[in-house]
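Student: here's a sequence, model it:
(3 chains)
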Amino acid sequence: MPELPEVETIRTQLEPILVDKKIIRVDIIHSQMVYGQVEKILGQTITGVFRRGKILILTLRNGYRLLVHLKMTGQLLVKNAANRKKEQVFVTGSHVRYGAGSAKKSQAYKGSILLSKHTHAIFFLSRRTHLYYNDVRKFGWVKIIGPKELVPFLEKLGPEPLVDLDAIFFQKLVRQSKRAIKFLLMDQTKVAGIGNIYANEALFCAKIHPQVSGENLTRQEASRLLKCVKQVLRKGIKYGGASQSDYVDTKGEKGRMQEHFMVYDRERKLCLRHCGGTICRISQLGRSSFFCSMCQKK
DNA sequence: CTAGGATCCTGTCAGC
DNA sequence: TGCTGACAGGATCCTA
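Tutor: As a prediction, the model looks like this:
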């Protein structure tokens, strides 16, 4: 599930590929996941690739933005067809095609392995660069946002943990809430970009039980937790993200962070701190929490 | 402010 | 082998 490190990995890869490329054509296969007026982005040059929390933002010359949220199983894949003259993308079944001539009749699929039944949109860019948006569970979305249009979710996002989150602010944030600390970490309006995997890893790192109420943390524990949050996020980025479920980078390659999990998905295994404890799994509001029975006491 | 439930969706897996 | 049902999970919306 793409969280901050996964989306950042994708952003880093996309930036040099997409910037200065022009959007020539867009095929929408499943329109339920694409919001906004596709015509507005046609012929536009991509000026930047940014990330805010778990959201990827492409800025365009005309001030429009393309927002992508991958949620659980979303993927963004890039194919450069420059060296493969014969390669063409054909979509089977109904789809809407914007730009580069009129829509042709239903065509046989012949193209790249990246195109699957879970491909919902394809962006055809200049220099034969193709950007695929795939999502098995269809939880994700692509939104085309006007220059002055507000995006509620984006406006409400909390600070970026690796950029503008300091110890004092985090202590206050945590200690004024009665909610379980695990959910404070995952609340995007409090801190942006942390999901289930990194929340579990950060709490293990800080030796804090996921069910502890925020107000019961000492200042020392809170600042230790912040350090751990930064540490596990940086570790995630270093290993190219965690391919726990469907996550792959823009080349279709898996990340390696899952090989370095300390608690996530380690139920009934021994604690890697060799404290003698075993990793437990509980359900918190329908989310799996993993923690060590010995070093994360309530 | 907070908790809890339903919702969206489909691959996977357990059970029969 | 094949069917059925439970389950996972980010964010939103609704109720209490």
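Student: DNA strand B contacts on the stretch 1-150 of chain A?
Tutor: A:32, A:117-118, A:136-139 (C-beta under 7 Å from any atom of the strand). In this view, the C-beta of every residue, glycine as well, is placed from N, C-alpha and C.
Student: which of the residues you listed are buried, as a PyMOL select command?
Tutor: The buried residues among those can be selected in PyMOL (16 or more other C-beta atoms under 10 Å) with this line:
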select buried, chain A and resi 118
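Student: quick check: the farthest pair among the residues of the stretch 1-150 of chain A next to DNA strand B?
Tutor: Largest separation among these by C-beta to C-beta: A:Lys117 and A:Phe139, giving 16.3 Å.
Student: so can I have TSV of the residues of the stretch 1-150 of chain A next to DNA strand B showing secondary structure and distance to DNA strand C?
Tutor: Listed next are these as TSV, based on DSSP: H, G, I helix; E, B strand; the rest coil; distance: C-beta to the nearest atom of the strand, whole Å:
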residue	secondary structure	distance to DNA strand C
A:Gln32	helix	13
A:Lys117	coil	16
A:His118	coil	13
A:Val136	coil	8
A:Arg137	coil	4
A:Lys138	coil	9
A:Phe139	coil	5
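Student: quick one: the helices in chain A?
Tutor: Using DSSP state H, the helices of chain A run over residues A:4-18, A:152-156, A:167-175, A:181-186, A:196-206, A:219-238.
Student: contacts only, for A:Lys40.
Tutor: A:62, A:64, A:144, A:146 (C-beta atoms under 8 Å, 6 or more residues apart in numbering).
Student: what pLDDT does it get?
Tutor: A:Lys40 carries a pLDDT score of 94 in this model.
Student: quick one: it and DNA strand C, what's the gap?
Tutor: According to C-beta to the nearest atom of the strand, to the nearest Å, A:Lys40 and DNA strand C sit 22 Å apart.
Student: ok, now A:Gln258?
Tutor: 13 Å.
Student: can you give me the neighbour number for that residue?
Tutor: By other C-beta atoms under 10 Å, 17 other residues sit near A:Gln258.
Student: what about the nearest residue to it once chain neighbours are set aside, neighbour count?
Tutor: Computed as C-beta to C-beta, 6 or more residues apart in numbering, the closest residue to A:Gln258 that is not its neighbour in sequence is A:Ala242, at 4.8 Å. A:Ala242: 29 surrounding residues under other C-beta under 10 Å.
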